[in-house]
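Asks: Okay, sequence plus prediction incoming.
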Amino acid sequence: MNDGVNGVALAVFIIFFAAVTVMGFLAARWRKAENEHSLDEWGLGGRSFGTWVTWFLLGGDLYTAYTFVAVPAAIYAAGASGFFAVPYTILIYPMMFVFLPRLWSVSHKHGYVTTSDFVRGRFGSKGLSLAVAVTGILATMPYIALQLVGIQAVLDVMGIGGGENTHWFIKDLPLLIAFGVLAAYTYSSGLRAPALIAFVKDGLIYLVIAVAITYIPIKLGGFDDIFGAASEKYEAAGAGGLVPNAQSQWTYATLALGSALALFMYPHSVTAVLSSRSRDVIRRNSTILPLYSLMLGLLGLLGFMAIAAGIKVENGQLAIPQLFENMFPDWFTGVAFAAIGIGALVPAAIMSIAAANLFTRNIYKDFIKPDATPAQETKVSKLVSLLVKVGALVFVLGMDKTVAINFQLLGGIWILQTMPALVGGLFTRWFHRWALLAGWAVGMVYGTAAAYGVASPTQKHFGGSSAEIPGIGEIGYIGLTAFVLNLLVTVVLTFVLKALKAPEGIDETSPGDYTVDAGDPGVRTELPPATAEPSRP
């Protein structure tokens, strides 16, 4: 690691950062809204994005700076088991093709902005809707923090993070500036800002990956030498070489499956989906998004390259930024660091918007001010998006980085527990609302307790996301085990509650709502006036 500041890399980084900042503010004029005082416009971009904008937006949303840093870092530290991210991003797209067009249709028909809006409308339960909203917010906060961790890793490697004796304000000033810029243009432009910046972010990442997998192996003597060095390291550490050992296969499979099921339960994923203009846009994206999975597989190889290059870091998250600085010319290092930095801004913006929309529609609107106008909803959502970013900043500046990572792992366990209500509700009304709420509670409690009991060499609690599966004895992903318990409780209690004729709540949707498309008769095509009562089912 350089002792001083890498001036050339920093200059290139600043140029790209300044460019996307300008784009973020100009995005307010891109596809200018007819009614700016509406969550449909600020929080969903007017539900107007076509195939390519949605593809870049979803790519920028799902493949984050933390992905760029953490996936190869996991492979660098633990071996091929870190590749679990590749199959799970492949598994999800056939599922996406099946259920997300239905969510888009019913949301477009009724003006739903969040998953909790749909759950409330489908099951007639504000309590269940609140549970989904709170889970979404809790799962999203540390995810935003990890995007800032990605920026901080780049700043540290460039030499502007300061030393241990540097005053905290001077040390964290670059991150504070990045946070301030992100907050400002998100507040101003809403979802249009990350949608526009995503073009730059994804273009840079594809460029960096293409150069890295070509240029670095040439400098290191080829892939034979790279895989050989990695295999020697893993065998020496007892990790089983380049292939996960038999003991870790259940962990690998359940983590991949559970992560796939959870991916589109996250509020930011759904926000990007609902911003598209038609069902066909969603279907097309389910067929072309796997291109990102190809990129992710190539990205994972950087972990092996870091080993072959002799990268030694105490914090594994610095391995790939340090690899770039060691292997690339300074000017291209700046390009690579800009890709990671901008790769943090896009998802952080979408995540903060999604969390703010959940608070506004499903806490503020449902429980605090039921008569809020669309203009008031938009104002509250803008303010909450700022507060969410402040909370994420507190994670990064006030806590050890492992805390944010642990909470993000816990967030994945939590968000998976909303799947029975969301995906189940898209296909059937059979589940009872109280049974869904009880199942969610059981999954949340079990998942949290099981994760609390996981220790690692560096911490006593929340040391990982895998534990022994009850009744099987194998080590598996806690989130998937909690989900199975959740579903079991939901099914059993639904039978019981139906037998007792417990009130089921009013379903405000109809079967035809799940297949309508933009322009079909009866579908909302105009936004409510800014000062009128919001159009609600």
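Replies: Perfect, thanks for sending it. Residues are numbered from 1 along each chain as shown.
Asks: Can you name every helix or strand that the helix or strand encompassing residue 252 contacts?
Replies: Following DSSP states H and E, one finds residue 252 within helix 249-263. Packing partners of helix 249-263 (3 or more CB pairs under 8 Å, 6 or more residues apart in numbering; DSSP states H and E): helix 85-110, helix 401-416, strand 466-468, strand 475-477, helix 478-499. Bear in mind the C-beta positions are built from the backbone N, C-alpha and C, glycine included.
Asks: Retrieve the pLDDT associated with residue 322.
Replies: As predicted, residue 322 sits at a pLDDT of 89.
Asks: for residue 165, that is, sorry about that
Replies: 55.
Asks: Then residue 238?
Replies: At residue 238, pLDDT is 66.
Asks: Same check on residue 537?
Replies: 34.
Asks: of all the helices and strands packed on helix 249-263, which lies closest to residue 248?
Replies: Residue 248 lies closest to strand 475-477 among the helices and strands packed on helix 249-263, at 7.5 Å (CB to CB).
Asks: what sits up against the closest one?
Replies: 247-248, 250-251, 253-255, 257-259, 465-469 (CB atoms under 8 Å, 6 or more residues apart in numbering).
Asks: Which positions within it qualify as buried?
Replies: Of the residues in strand 475-477, 475-477 count as buried by neighbour count, 16 or more other CB atoms under 10 Å.
Asks: Could you pull up the residues touching the closest residue to residue 87 other than its chain neighbours?
Replies: Spatial nearest neighbour of residue 87, excluding adjacent residues (CB to CB, 6 or more residues apart in numbering): residue 256 at 4.7 Å. Counting by CB under 8 Å, 6+ apart, residue 256 makes contact with 84, 87-88, 91.
Asks: now with 10 Å?
Replies: 83-91, 477, 480 (CB atoms under 10 Å, 6 or more residues apart in numbering).
Asks: Residue 353 too?
Replies: So residue 353 contacts 39, 42-45, 186-187, 190-191, 193-194, 267-268, 271-272, 275, 381-382, 384-385, 388 (CB under 10 Å, 6+ apart).
Asks: Where do the helices of the stretch 251-400 of the chain begin and end?
Replies: 267-274, 279-288, 290-308, 319-327, 330-359, 374-398 (DSSP state H, counting those that start in this stretch).
Asks: Can you add distance to residue 445 and give these back as JSON lines?
Replies: Listed next are those as JSON lines, based on distance: least, CB to CB, whole Å:
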{"stretch": "helix 267-274", "distance to residue 445": "22"}
{"stretch": "helix 279-288", "distance to residue 445": "34"}
{"stretch": "helix 290-308", "distance to residue 445": "33"}
{"stretch": "helix 319-327", "distance to residue 445": "36"}
{"stretch": "helix 330-359", "distance to residue 445": "21"}
{"stretch": "helix 374-398", "distance to residue 445": "23"}
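Asks: which stretches of the protein aren't confidently modelled?
Replies: Scanning the chain for pLDDT under 70 picks out the ranges 1-3, 31-36, 161-171, 237-241, 244, 398-406, 519-537.
Asks: tell me, which helix in it spans the most residues?
Replies: If each helix of the chain is counted by residues according to DSSP state H, the longest one is helix 126-158.
Asks: next one: that one to chain centre, how far?
Replies: Taking CA atoms, centre = their mean, to the nearest Å, the mean C-alpha location of helix 126-158 is offset from the chain mean by 8 Å.
Asks: Flag every buried residue along it.
Replies: In helix 126-158, counting by 16+ other CB under 10 Å, buried: 126, 128-158.
Asks: now do stretch 363-383
Replies: 363-366, 372-378, 380-382.
Asks: measure it end to end?
Replies: End-to-end distance for stretch 363-383, by CA to CA, to the nearest Å: 14 Å.
Asks: Now do the contacts for the residue nearest the centre of the chain.
Replies: When the chain is reduced to its mean C-alpha position, the nearest residue by CA atoms, centre = their mean turns out to be residue 62, at 5.3 Å. With contact taken as CB under 10 Å, 6+ apart, residue 62 is in contact with 89, 92, 263-264, 266, 268-269, 272, 289, 292-293, 296, 347, 350.
Asks: same deal with residue 460?
Replies: Contacts of residue 460 by CB under 10 Å, 6+ apart are 452-454.
Asks: Go again with 7 Å.
Replies: Going by CB atoms under 7 Å, 6 or more residues apart in numbering, residue 460 touches no other residue.
Asks: try residue 507
Replies: So residue 507 contacts 122, 124, 429 (CB under 7 Å, 6+ apart).
Asks: right, and the first one touches residue 425 too?
Replies: Yep, that's residue 122 we're talking about. Yes: with contact defined as CB atoms under 7 Å, residue 122 reaches residue 425; the gap is 4.4 Å.
Asks: Compare neighbour counts for the two and give me the winner.
Replies: Between residue 122 and residue 425, counted using other CB atoms under 10 Å, residue 122 has the larger neighbour count: 28 against 25.
Asks: list the contacts for that one?
Replies: 425, 507, 509.
Asks: at 8 Å what do you get?
Replies: Residue 122 neighbours (CB under 8 Å, 6+ apart): 106, 425, 429, 507-509.
Asks: ok, those vs residue 116, which is closest?
Replies: Using CB to CB, the contacts of residue 122 come closest to residue 116 at residue 425, 11.4 Å.
Asks: For the closest one, grab phi and psi.
Replies: phi -70, psi -20 (degrees, to the nearest 10).
Asks: that older thread, write the ChimeraX selection for whichever of the contacts of strand 475-477 are buried.
Replies: Selecting only the buried entries of these in ChimeraX, with 16+ other CB under 10 Å as the criterion:
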select :248,250,251,253,254,255,257,258,259,465,466,467,469
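Asks: Which of the contacts of strand 475-477 sits closest to residue 225?
Replies: residue 248 (25.8 Å).
Asks: Count the neighbours of the closest residue to that closest one other than its chain neighbours for me.
Replies: Closest residue in space to residue 248, ignoring its immediate chain neighbours: residue 81 at 5.7 Å, by CB to CB, 6+ apart. Using other CB under 10 Å, residue 81 is surrounded by 19 other residues.
Asks: one step back: what about the helices of the stretch 251-400 of the chain, which gets the closest to residue 459?
Replies: helix 374-398 (16.1 Å).
Asks: The closest one packs against which elements?
Replies: For helix 374-398, the elements it packs on are helix 39-42, helix 126-158, helix 168-189, helix 330-359, helix 401-416, judged by 3+ CB pairs under 8 Å, 6+ apart.
Asks: Return the set of buried residues in the fourth one.
Replies: For helix 330-359, the neighbour count (16+ other CB under 10 Å) marks 330, 332-359 as buried.
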